[in-house]
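Chemist: the following comprises the amino acid sequence and a computationally predicted model.
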Amino acid sequence: MVFSSILFLFVYLPVVLAVYYIVPARYRNLWLFIVNLVFYGWGEPVYILLMVFSIALNYAAGLLIARYRLTDDKKARAVLTVNTVVNLALLIFFKYFDLLAATLSRIPGISIPALGLTLPIGISFYTFQTMSYPIDVYRGDTEEQKNFIRFGTFVALFPQLIAGPIVLHSEIVPQFADAQNRHFNFDNFAPGLYAFARGLMKKVVIADTFAVAVEAGFASAQTLNTAEAWFVAIGYTLQLYFDFSGYCDMATGVGLMFNIKIPINFNSPYKSLNIREFWQRWHITLSRFLTTYIYFPLGGSRKGMARTCVNLMIVFLLSGLWHGAGWLFLLWGLMHGAASVLYRLFRKPYDRLHPALQWLINFGFIVVAWVFFRATSLTDALAIVKSMLMMNFGPLRDSITSAFALPGGFHEGYNAIYMMIWYAASLFACLGLRNTYEKTMDFHPTLCNALTTVLMIVYCTLSLSSVSVFLYFNF
């Protein structure tokens, strides 16, 4: 089930909200836990068992670690180690087995058949989320959770279950325990609905429009001219932005409707002037996880410049692999790692450049890197990048520009102009407007905001021709 579907908008969410605020307060977490599992298992019922196992495994690990942490550190470490290995083994098996099998099978004498397993939706997100809890208990950063339903609700919380953010036990579970949060609060519900509507608009109207042009462009990767290559690359850059940003807005909005404040995960990343700032704004909770649980334990920046650069490369290579079971994802991580190392080494001269030039360099790199992230083969990725650099200009093909045509086929000859308007407006929205998180911080339930919210939901509903899966569902 996805947020941008009629089923979710007009059946699931209204029913879940209504029952949540009607049933006695002591049963609301139980209700939320049940509907979380229903939401997750709607398309893949069998993987509910995997989700429940993950919840039970990490719940038990948290209890055992809390019992031994102060009295028998050796046992606590053993429990933590076994729990981490089991979590990672499940993730590797379901997500990376076929990649490992194909890679090892290239060695003479080795033949490992692929299993062709369907990737459990959200496994990358909830695995990291559940793993962080026993680690935090061991470190003393959070209390052990003795209420299984409360812990299960934290793991399977449907607003952020499928594509993040990767939340921590210490920032979500106390909200479940707060009795005030179990009562309807208009001051949370109003900005929540507004944030949800903005996110829906980003996904259905903007991201899905760019998706048509991007799909056509990457399908013709070998024959694009320079103009087409740049429009396709920037188009995917914008598609991914509005798709992921839209999901984050919708997750934040649904959370607020239940009086749950989900941490910010997306903060206008294309405004960044350098790669470090980009990762402080893009997928913030993934960066936080990798920094807290990998970069710092490796030594962070405390052991000299050479070790710092190695640590950065390790983190970004893991980030690339986390995004997908493919060598292009690893290459994308390598590119971002190299850019981060270069920025670390040459930060002073880079920061002296004019801000406009800094932005242009950083954004240009991000656009090129996204090509490798999106392409289905290294050959296609290199072909697009080559076309971007060859100065081979020509007309834009109809398969790319038709995505931006006016309804009813009016003025078809102007599709290229309409496309440029779309690009300019979308870039302006990314760079010149406040994001949804900033808007909700000082949101006021005025008549204008109410009308805007209703109009966005109605327009998006009328625009839903098919259920469009969020891009990060694939990771």
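Modeler: Arrived safely, thanks for sending. Numbering: from 1, shown residues only.
Chemist: buried ones in stretch 302-312?
Modeler: Applying a neighbour-count criterion of 16 or more other C-beta atoms under 10 Å, the buried positions in stretch 302-312 are 308, 309, 310, 311, 312. C-beta here means a position set from N, CA and C on the backbone, and glycine is covered the same way.
Chemist: ok, then the element right after the least confident helix or strand in the chain by mean pLDDT?
Modeler: The helix or strand of the chain with the lowest confidence, counting by mean pLDDT, DSSP states H and E, is helix 158-161 at a mean of 82. Tracing the chain C-terminally past helix 158-161 and defining elements by DSSP states H and E, one meets helix 169-177 next.
Chemist: for that next one, buried residues please.
Modeler: Counting neighbours by 16+ other C-beta under 10 Å, one finds that the buried residues in helix 169-177 are 169, 172, 173, 175, 176.
Chemist: show me the contacts for the nearest residue to residue 426 once chain neighbours are set aside.
Modeler: Setting aside the residues directly before and after it, residue 426 is nearest to residue 238 in space (C-beta to C-beta, 6 or more residues apart in numbering), at 4.9 Å. Residues in contact with residue 238 (C-beta atoms under 8 Å, 6 or more residues apart in numbering) are 206, 207, 210, 423, 426, 427, 430.
Chemist: isn't the second one up against residue 236?
Modeler: So that's residue 207. No - between residue 207 and residue 236 there is no contact under C-beta atoms under 8 Å: 10.4 Å.
Chemist: for the stretch 301-450 of the chain, what are the low-confidence residue spans?
Modeler: Within the stretch 301-450 of the chain, the stretches falling below the threshold (pLDDT under 70) are 407-413.
Chemist: so how far is residue 301 from residue 310?
Modeler: 11 Å (C-beta to C-beta, to the nearest Å).
Chemist: where does pLDDT dip in the stretch 1-150 of the chain?
Modeler: Judged by pLDDT under 70, the stretch 1-150 of the chain has its weakly predicted residues at 1.
Chemist: neighbours around residue 268, how many?
Modeler: Using other C-beta atoms under 10 Å, residue 268 has 20 neighbouring residues.
Chemist: list phi and psi for the closest residue to it other than its chain neighbours.
Modeler: Distances taken as C-beta to C-beta, 6+ apart place residue 435 nearest to residue 268, at 4.9 Å, with adjacent residues excluded. Backbone torsions of residue 435, given as degrees, to the nearest 10, read phi -80, psi 170.
Chemist: as TSV, the buried residues of helix 169-177 with distance to residue 64 and pLDDT would be great.
Modeler: Formatted as TSV, the entries for the buried residues of helix 169-177 read as follows, by distance: C-beta to C-beta, whole Å; pLDDT from 0 to 100:
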residue	distance to residue 64	pLDDT
169	16	89
172	22	88
173	18	87
175	25	88
176	22	84
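Chemist: picking up where we left off before, out of the buried residues of stretch 302-312, which is nearest to residue 245?
Modeler: When the buried residues of stretch 302-312 are ranked by distance to residue 245 (C-beta to C-beta), residue 312 comes first, at 25.5 Å.
Chemist: quick check: that closest one is in a strand.
Modeler: No - with DSSP: H, G, I helix; E, B strand; the rest coil as the criterion, residue 312 is helix rather than part of a strand.
Chemist: where does the residue lying closest to it once chain neighbours are set aside land in three-state SS?
Modeler: Spatial nearest neighbour of residue 312, chain neighbours left out: residue 340 (4.9 Å); criterion: C-beta to C-beta, 6+ apart. Three-state secondary structure (criterion: three-state DSSP) places residue 340 in helix.
Chemist: surely residue 340 and residue 310 touch.
Modeler: No - judged on C-beta under 8 Å, residue 340 makes no contact with residue 310 at a distance of 11.7 Å.
Chemist: now residue 462: how far from residue 239?
Modeler: Separation of residue 462 from residue 239 (C-beta to C-beta) stands at 21 Å.
Chemist: sorry, back to before: so the residue nearest to residue 268 touches residue 265, yeah?
Modeler: No - Residue 435 is beyond contact range of residue 265, at 11.2 Å (criterion: C-beta under 8 Å).
Chemist: about what we covered before: quick one: contacts of the least confident helix or strand of the chain?
Modeler: Under the criterion C-beta under 8 Å, 6+ apart, residues 35-36, 39-40, 122, 125-126, 155, 167, 250-252, 254-255, 258, 260, 262 lie in contact with helix 158-161.
Chemist: mark which of those are part of helices, please.
Modeler: Using DSSP state H, the subset of these located in helices is 35, 36, 39, 40, 125, 126, 155, 250, 251, 252, 254, 255.
Chemist: who wins for neighbours among those residues?
Modeler: The member of those surrounded by the most neighbours (other C-beta under 10 Å) is residue 252, with 29 neighbours in all.
Chemist: gap between that one and residue 265?
Modeler: Separation of residue 252 from residue 265 (C-beta to C-beta) stands at 8 Å.
Chemist: now residue 420
Modeler: 31 Å.
Chemist: settle it for me: which of those two has more neighbours?
Modeler: Higher neighbour count among residue 420 and residue 265: residue 265, with 27 against 14, using other C-beta under 10 Å.
Chemist: need the contact list for that one.
Modeler: Neighbour list for residue 265: 164, 165, 248, 251, 283, 284, 285 [criterion: C-beta under 8 Å, 6+ apart].
Chemist: redo that, cut-off 7 Å
Modeler: Contacts were defined as C-beta atoms under 7 Å, 6 or more residues apart in numbering; by that measure residue 265 touches 164, 165, 248, 283, 284, 285.
Chemist: count of neighbours near the residue nearest to the last one when sequence neighbours are not counted?
Modeler: The spatially closest residue to residue 285, leaving aside those adjacent along the chain, is residue 165, at 3.8 Å (C-beta to C-beta, 6+ apart). Residue crowding around residue 165 was assessed by other C-beta under 10 Å; the count is 25.
Chemist: before we move on, what about residue 378?
Modeler: Neighbourhood size, residue 378 [other C-beta under 10 Å]: 12.
Chemist: touching, it and residue 329? I think so.
Modeler: No - Residue 378 lies out of contact with residue 329 (C-beta atoms under 7 Å); the separation is 11.6 Å.
Chemist: common neighbours of the two, please.
Modeler: Once C-beta under 7 Å, 6+ apart is applied, it turns out that residue 378 and residue 329 contact no residue in common.
Chemist: angle of the helix or strand residue 235 falls within against helix 169-177?
Modeler: Assigned by DSSP H and E, residue 235 falls within helix 226-257. Orientation check (axes from the mean of the first three to the mean of the last three C-alpha atoms, to 10 degrees): helix 226-257 against helix 169-177 gives 40 degrees.
Chemist: which elements pack onto the next helix or strand after helix 226-257?
Modeler: Read in the C-terminal direction, the helix or strand following helix 226-257 is helix 275-281, with elements assigned using DSSP H and E. Contact here means 3 or more C-beta pairs under 7 Å, 6 or more residues apart in numbering; DSSP states H and E; on that basis helix 275-281 packs against helix 327-345, helix 355-374.
Chemist: what's the burial count for residue 406?
Modeler: Neighbours of residue 406 under the rule other C-beta under 10 Å: 11.
Chemist: with the one 10 residues further on instead?
Modeler: Neighbourhood size, residue 416 [other C-beta under 10 Å]: 17.
Chemist: contacts for the host helix or strand of it, please.
Modeler: Remark: residue 416 resides in helix 415-432, with elements defined by DSSP H and E. Applying C-beta under 7 Å, 6+ apart, the external contacts of helix 415-432 come out as 206, 209, 234, 238, 241, 268, 270-271, 396, 401-402, 404-406.
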